[in-house]
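Engineer: give me a 3D structure for the following:
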Amino acid sequence: MNKNLIFSFIICVIFFITLESVARFFTVPGAAHYIEQRIMEEGLTAQKPKGEYRVLMFGESTMHGNHLFPKSTIGKWVELYLGNLIGPQQAKHVKVVNLGRCGASSDYISQAFFDTIAYKPDLVIFYTVHNDFIELENRQLILNPKSLSVRMSDFFEMLLKKSCFVSAVKRMYIKIKMKRKKDKQMSRDSAMEWFDERTRAPHNKNTDLLEPKGDDFGRVQAHWENNVKMIINVAQKNHIPVIFLEGAAKYKEYEPFESVHAKTLTDDQLMSWNKYYETAEEQFKNKNFAQAVISYKQSLEVDPEYALTYFRLGECFEQLSDYELAKKYYFLANEKDRFPIRAPGVVNQFYDQLAAQNLSAVHVVKTQELFDQYSAYGMVDSDLILDQIHPTIKGQSLIALEIVKWLSAKKEINSSLVWNWDQLESMEELEQGLNIDRDFEFLVYIYSARYVGRYNQKAIEYLKKALAIKPASIAAQSHLAWIYWSMGDEQEAIKLYRDLGPRDPAAATKFFGRHPEIATKVNLEK
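Structural biologist: So this is what the prediction gives:
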């Protein structure tokens, strides 16, 4: 019996080895499910056509394109510029593949690169900036060691991923699933379920905050830096040039998410701080910005850790037209934020140090400096950043142009290429190639309103833009109604809910069942 089992096992092993050997002639090892799907969607093949120059782009939502995906991404803009500068026929030989993913950590991004080296990229571009610090799930994975069972599961998953045969079978499954998958994107005209803020999980102040320069902060920073260094090492070993994009953010308009007092503050000091801060707030409210600066600075002398104080000083200095100081204090507000939405300053400091090393075939695009250069008074606003961190179409185009300039200067694609820089079209002219219509703009505003979360005034701004395109949108109206209700503007909220109810009775019944306090007010107003 045992001999039969051993013999059967040996036959199975030989059979698998044979299949694996054959598979390696036709395909490459696997990658994460999402990466495999994107490879199929982008038409990237295991066999590289002769004369093709491959650019693989990895990163988080900024690289992915976020709300502007799939119509406008950094990769799409690289293609537009290439078509304009070297001509459509030559540009066809450049394959730009966007493998960015929303929410991706540096672990995911670096592994995606390692798993796709078999596709023989000629250039790899990375945007890994925010998510190790701002995405709570990513941060917890860094700070909490994996259990033995999870590590074993990861190990066996890695072994299966390295098998060309298993990966080929997996790709067939993904392809079938992609064909059957229904489009889950928000329907442009459908009556979606009403917006309900209770579906958003709140953060826990006791466990989710990240103290600037604290032990946890240091561990996250070191983990992220190590992944960037590994990317460089692997790229150099495989003779692949690499471009890193520094972080870009809009520091004004969005106050810190979580301001916390210094731990050492005594009761007397807190009373003193409150006195200065309340005075400053009153002066700020009355637009007496010069006096408010004095009072805010007095409060900082008592407690230099409270993030919102720095943000208010930024607003004051902006009103006083001292833009350099405004920029400085907006940045410091982000540095003190205990639940960061934008990456801390150490990220771009690390990239600056990397750029100063002048490593072979490693280039750094200083994105924040680039955006500052193209912004009024040197402070990035909504012209280049859609929310806090995601570039607008114009912002994406600026980043792409820097990449294309590097390709041109290094003569990377083909040394004999003629680059017609004197014929470079404007961003507005090239943008027409993206075919962005009003329906797509509507979706961008809807998703942006959801992304900015608790920043009500910004969400209202986006929703009003969405309603200007589609005045009868249930998605926009229900979200706007909820914001007004949460802000205490019951009159505006009730007006919207009364209009929504008859147009979507089923959703109204469901929503008012969850919120009887709103239903009562709506019925009383009838």
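
Engineer: in the strand or helix carrying Ile518, what counts as buried?
Structural biologist: Secondary structure assignment for Ile518, by DSSP states H and E: helix 516-525. Residues of helix 516-525 classed as buried by neighbour count (16 or more other C-beta atoms under 10 Å): Ile518, Ala519, Lys521, Val522. C-beta here means a position set from N, CA and C on the backbone, and glycine is covered the same way.

Engineer: which one of the residues you listed sits closest to Arg498?
Structural biologist: Relative to Arg498, the closest of the buried residues of helix 516-525 is Val522; by C-beta to C-beta it sits at 5.8 Å.

Engineer: quick one: that closest one and Ala481, what's the gap?
Structural biologist: In this structure, Val522 and Ala481 are 10 Å apart, going by C-beta to C-beta, to the nearest Å.

Engineer: okay, and the common contacts of these two?
Structural biologist: By C-beta atoms under 8 Å, 6 or more residues apart in numbering, Val522 and Ala481 have these common neighbours: Tyr497.

Engineer: mind listing the helices for the stretch 401-526 of the chain?
Structural biologist: 427-431, 438-451, 456-469, 474-487, 490-503, 505-514, 516-525 (DSSP state H, counting those that start in this stretch).

Engineer: my bad, the stretch 201-350 of the chain
Structural biologist: Under DSSP H, counting those that start in this stretch, the stretch 201-350 of the chain gives helices at 215-237, 267-285, 289-302, 307-319, 323-336, 345-356.

Engineer: same list, those, but as a markdown table with mean neighbour count, mean pLDDT and distance to Lys50 please.
Structural biologist: Below are these laid out as a markdown table (neighbours: other C-beta atoms under 10 Å; pLDDT from 0 to 100; distance: least, C-beta to C-beta, whole Å):
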| stretch | mean neighbour count | mean pLDDT | distance to Lys50 |
| --- | --- | --- | --- |
| helix 215-237 | 16 | 97 | 23 |
| helix 267-285 | 15 | 97 | 65 |
| helix 289-302 | 18 | 98 | 63 |
| helix 307-319 | 23 | 98 | 55 |
| helix 323-336 | 20 | 97 | 48 |
| helix 345-356 | 16 | 98 | 34 |
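
Engineer: nearest to Val129, of these?
Structural biologist: Once these are compared by C-beta to C-beta, helix 345-356 is nearest, at 5.5 Å.

Engineer: quick one, that closest one and helix 323-336 angle?
Structural biologist: 110 degrees (axes from the mean of the first three to the mean of the last three C-alpha atoms, to 10 degrees).

Engineer: following helix 345-356, which helix or strand comes up?
Structural biologist: strand 362-365.

Engineer: quick one: distance of that next one to the chain centre.
Structural biologist: 20 Å (C-alpha atoms, centre = their mean, to the nearest Å).

Engineer: run me through the strand neighbours of that strand, direction for each.
Structural biologist: In the sheet, strand 362-365 lines up against strand 242-245 (parallel) (DSSP bridges).

Engineer: can you tell me what sits against the partner strand?
Structural biologist: Contacting residues not belonging to strand 242-245 are listed as 59, 62-63, 123-129, 228, 231-232, 235, 351, 354, 361-365, 367, 399, 403, 406 [C-beta under 8 Å, 6+ apart].

Engineer: what mean pLDDT does it have?
Structural biologist: Averaging pLDDT along strand 242-245 yields 98.

Engineer: begin at 52 from now on, thanks
Structural biologist: Will do, 52 is the new start, and the previous item becomes strand 293-296.

Engineer: CA atoms only for it, dumped as CSV, please.
Structural biologist: This file holds the C-alpha atoms of strand 293-296, laid out as CSV (Å, rounded to 0.1, in the frame of the first residue of the first chain):
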residue,chain,number,x,y,z
VAL,A,293,14.1,53.4,-12.4
ILE,A,294,12.2,56.7,-11.8
PHE,A,295,10.8,57.6,-8.4
LEU,A,296,8.1,60.3,-8.1
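
Engineer: in it, what counts as buried?
Structural biologist: For strand 293-296, burial by neighbour count (16+ other C-beta under 10 Å) applies to Val293, Ile294, Phe295, Leu296.

Engineer: reformat these as a markdown table; add distance to Ala83.
Structural biologist: Below are those laid out as a markdown table (distance: C-beta to C-beta, whole Å):
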| residue | distance to Ala83 |
| --- | --- |
| Val293 | 20 |
| Ile294 | 22 |
| Phe295 | 21 |
| Leu296 | 21 |
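
Engineer: just the closest of those to His144, please.
Structural biologist: Ile294 (19.4 Å).

Engineer: so what pairs up with the closest one in the strands?
Structural biologist: Ile176, His414.

Engineer: okay, it and Leu174: tell me how far apart.
Structural biologist: 7 Å.

Engineer: for Ala313, same thing?
Structural biologist: If you go by C-beta to C-beta, the gap between Ala313 and Leu174 works out to 47 Å.
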